[in-house]
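A.B. asks: With the input below, show me the fold.
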Amino acid sequence: MDQESKNKKLMESIFAARESGDNQPFVDAIAEDVNWTVTGSSLVSNTYDKAGFIDAFRKVGDELTERLKVRTRLIL
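C.D. replies: Numbering: from 1, shown residues only. Predicted structure coming up:
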């Protein structure tokens with residue numbers, strides 16, 4: 001299997017886990033040196049390192065009255 005196919009399979013498994021409510025494979029796949037920017041003017045608009053991103057979105061999740069439903073339509 002070529003690298004592109006391996007990467008696609010990995011992403012499919014990560015998003016399948018998210019769809020079932022398991023975010024850990026997604027968290028594990030985020031590079032330690034990531035800089036994640038959320039644009040706009042919301043409460044979470046900022047640039048985050050990995051720990052900051054996880055913390056910010058965990059707090060958002062804690063505030064939601066219903067669990068987010070993640071559905072993956074297409075991975076190129």
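
A.B. asks: use CA for all of it now, contacts and neighbours both
C.D. replies: Noted.

A.B. asks: and the end-to-end length of stretch 13-29?
C.D. replies: Across its full length, stretch 13-29 reaches 11 Å between end residues, using C-alpha to C-alpha, to the nearest Å.

A.B. asks: Run through who's touching it.
C.D. replies: Taking contacts as C-alpha atoms under 8 Å, 6 or more residues apart in numbering, the residues outside stretch 13-29 that touch it are Ile54, Lys69, Val70, Arg71, Thr72.

A.B. asks: need the residues you listed in TSV with neighbour count, can you?
C.D. replies: Output for the contacts of stretch 13-29, formatted as TSV (neighbours: other C-alpha atoms under 10 Å):
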residue	neighbour count
Ile54	14
Lys69	9
Val70	13
Arg71	11
Thr72	10
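
A.B. asks: can you put those residues in a markdown table and add secondary structure?
C.D. replies: Below are the contacts of stretch 13-29 laid out as a markdown table (DSSP: H, G, I helix; E, B strand; the rest coil):
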| residue | secondary structure |
| --- | --- |
| Ile54 | helix |
| Lys69 | coil |
| Val70 | coil |
| Arg71 | coil |
| Thr72 | coil |
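
A.B. asks: What separation is there between the residue nearest the centre of the chain and Leu74?
C.D. replies: Against the mean C-alpha coordinate of the chain, by C-alpha atoms, centre = their mean, the closest residue is Phe26 at 5.3 Å. Using C-alpha to C-alpha, Phe26 is found at 17 Å from Leu74.

A.B. asks: Could you give the separation of the longest helix belonging to the chain from the chain centroid?
C.D. replies: If you go by DSSP state H, the chain has its longest helix at helix 3-19. Centroid displacement of helix 3-19 relative to its chain, using C-alpha atoms, centre = their mean, to the nearest Å, is 12 Å.
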